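Undergrad: Quick one: sequence plus predicted model below, questions after.
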Amino acid sequence: MQHPNAVLTILSKMTLKPEVTFDKLYQKLYNVELWLLAYQCIAPKPGNMTPGVDGKTIDGVGLRLIQDAIADLKASRYKPLSVRRVYIPKPNGQQRPLGIPSFRDKLLGTVLKLILEAIYEPTFSEYSHGFRPERSCHTALEAVKRDMRGIRWWVEGDIKGYFDNVNHDTLLRILSKKITDKRFLHLIEQFLKAGYVEDWRYHQTYSGVPQGGTLSPVLSNIYLDELDRTMATKIIEFDQGKKRKMTYEYKRLRKAKWRAKKKARATGAWKKYKQLQQQMLQTDATDPMDPGYRRLHYIRYADDFLVGINGNKAEAEALKNWLGEYLREELQLELSAEKTVVTNAKNRVRFLGYDIKRWSGKRILRFQTQQGVKTQRTGAYQLTLLMPVDKTIKFAQEYGDTNSWQGKHRNKLLNLSELEILMTYNAEVRGFLGYYSLADNLADAAGGVLWITMTSFFCTLAGKRQCSIKKVTKSLKKGPNRYVICLEKEGKGTKEYELITSTSQLKKRKVTYGSVDLIPKTWVYQSRNELSKRLLASECEWCGIRGTQVEVHHVRKLGNLEGKTPWERQMIERRRKTMVLCVECHDELHTGTLSEKKKKLRKIRRAGYAETCKSGSEGVSVKPDIAIC
């Protein structure tokens, strides 16, 4: 059986040849190692503890489930179940539909995702940043700031209900360009047409990919990769000229400056030269409206895209109309009329939660060279990323009054310990300000947020202690603008937990961005994950029995365990959200009858097994005890 690293690497190398098609992908689904890789990818996610329509979660998964699924695939009787639809709130107050598949379908969907990513990731466009390895909102925003300088007009693009309106026939037609395995394509079609259950009623799906499924992101990128390729061709057709035409006034000043410099070297009078130099710094060197020079830039994150045009408004309007026509005729999608607008670069444009604004003014730079001090100015069309005011106010309203920017106590946190309250505030602040770490106005805009969260923390702690805010701040203060909760640990002294009160305490997020990798980094899959090794060992981690069928017990998070039972204490001590158990021990765990005596028998079995191995090395053949406990 091929190692999953070898399978994915071979597929990635094959896809670099345009003439290659894949006709034996369905057989890759029989690889147990690939299923184990998919399992270890999704096992840590808490969402796996949410049941699908079959009422089952990741809890109790073992090799039996994988083997049964592979047997169903070989017999062509595997049929995905319908997803359970729920709704989550959107930032604009509306509801977003979310599909929750059964865990078996989620596991197979992850296997399909690994295969499709290996095939398509090397050929995806560099303009795409959503749902891709080593790409994120931050890499998309960095690309905007770096590449879209000198923009005159923006075209803000948003596809209306994209995930619900993906055309199944068009998607399968796009997949069939590279994949000719009909059984593989039919399996993907079954996932697309599985339907959903809402309020105990079944609904057929005629279009769209369910949000929340593991397979949906890669299918969405494959679908919109057609738009990326078309835009790449459009950019080549649109771009014109190598550089802008120099203005007559700048040419005149440059020639006069050269003459003044030549004369000053002979006479020593540099006043005229310096005056001309200052005039040049205040004069545009090139014609910003040069009809012979134009540029087109494009960035996409999922279904949101931003087009920057270095040209006139008529060209921007024409491109917007062309985009709407192309999406409607070729991809059967519609642009949102409210969100797709043409905006002048003088105004702010919203993209991925940031406000993008053209930097106004000129900056004079002076730096030393071998020829002397050189003076250079930056362009007046640089871009800045700003934290929006409305986002800041909306976040701060949870903590207090945004008119006076004074915090208030939060009743829902009063039942937590003081350390849990501090960690909750830190996590919320770190998440919000961490996302806006690229903002050029972070230091100024974050001041109000940090003040209102800090005062809200003091009010909440004062309410818990039933004392004044002044006493709380005095007890926590350990220095200038530094507030700490100390926790004593046995044998380890005192550990301090500090409240976030300044942006300097936030770690700068590292943005990794570059050209698209021709070959994905599949070396990370070369060794098995610890969870896979424990599962393949077929040993119960409670009673120690070996060579029997085992299942994996999962919990959503360790914080939910109270440590009242021995098995909870074992998971807390080992800091694991999983425990590999035999079927009998797993059933007893859920019924509350798991005996601690079995745990003591584990040491006896381990000692007997070690003695067996030692005897076997001396030439004595003794079978280990694998009796059912």
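TA: Good, I have the coordinates.
Undergrad: Skipping its backbone neighbours, what lies nearest residue 73 in space?
TA: In space, and not counting its chain neighbours, residue 73 is closest to residue 29: 5.4 Å by CB to CB, 6 or more residues apart in numbering. To be clear about C-beta, it is placed using only N, CA and C from the backbone, and glycine gets the same treatment.
Undergrad: Report how many residues lie close to that neighbour.
TA: Using other CB atoms under 10 Å, residue 29 is surrounded by 20 other residues.
Undergrad: Against residue 376, how distant is it?
TA: Computed as CB to CB, to the nearest Å, the residue 29 to residue 376 distance reads 59 Å.
Undergrad: cool, and residue 544?
TA: 73 Å.
Undergrad: who's more crowded, these two?
TA: Neighbours were counted for residue 544 and for residue 376 using other CB under 10 Å; residue 544 has more, 23 against 10.
Undergrad: check which helix or strand covers that one.
TA: Under the criterion DSSP states H and E, no helix or strand holds residue 544.
Undergrad: pLDDT wise, what is it at?
TA: On pLDDT, residue 544 comes in at 83.
Undergrad: ranges for the strands of the stretch 51-200 of the chain?
TA: 83-89, 95-100, 153-158, 196-198 (DSSP state E, counting those that start in this stretch).
Undergrad: Just name the most buried of these.
TA: strand 153-158 (a mean of 21; mean count of other CB atoms under 10 Å).
Undergrad: picking that back up, quick check: the residue nearest to residue 73 vs residue 77, distance?
TA: With CB to CB as the criterion, residue 29 and residue 77 are 14 Å apart.
Undergrad: What ranges does the stretch 401-550 of the chain have for its helices?
TA: All helices of the stretch 401-550 of the chain, identified by DSSP state H, counting those that start in this stretch, fall at 418-435, 442-465, 469-476, 530-536.
Undergrad: And the ones you listed: which comes nearest residue 110?
TA: Across the helices of the stretch 401-550 of the chain, residue 110 has its closest neighbour in helix 530-536 (13.7 Å, CB to CB).
Undergrad: How far away from the center of its chain is that closest one?
TA: Between the centre of helix 530-536 and the centre of its host chain there is 27 Å, according to CA atoms, centre = their mean, to the nearest Å.
Undergrad: Could you number the chain from 570 rather than 1 from now on?
TA: With 570 as the first residue, the last one maps to helix 1099-1105.
Undergrad: What helices and strands are in contact with it?
TA: The elements that helix 1099-1105 packs onto, with contact taken as 3 or more CB pairs under 8 Å, 6 or more residues apart in numbering; DSSP states H and E, are helix 601-611, strand 1119-1123, strand 1147-1151.
Undergrad: for this protein, what helix or strand is lowest in average pLDDT?
TA: Each helix and strand of the chain was given a mean pLDDT (mean pLDDT, DSSP states H and E); the minimum falls on helix 1166-1186 at a mean of 61.
Undergrad: What is the neighbour count of the closest residue to residue 970 other than its chain neighbours?
TA: Excluding its sequence neighbours, the residue lying closest to residue 970 (CB to CB, 6+ apart) is residue 977, at 7.0 Å. As a burial measure, residue 977 scores 15 neighbours (other CB under 10 Å).
Undergrad: Equivalent analysis for residue 981, please.
TA: Using other CB under 10 Å, residue 981 has 8 other residues around it.
Undergrad: Check it and give its pLDDT.
TA: What the model reports for residue 981 is a pLDDT of 89.
Undergrad: ok, now how distant is it from residue 596?
TA: Separation of residue 981 from residue 596 (CB to CB) stands at 53 Å.
Undergrad: That's all I had, so thanks and see you.
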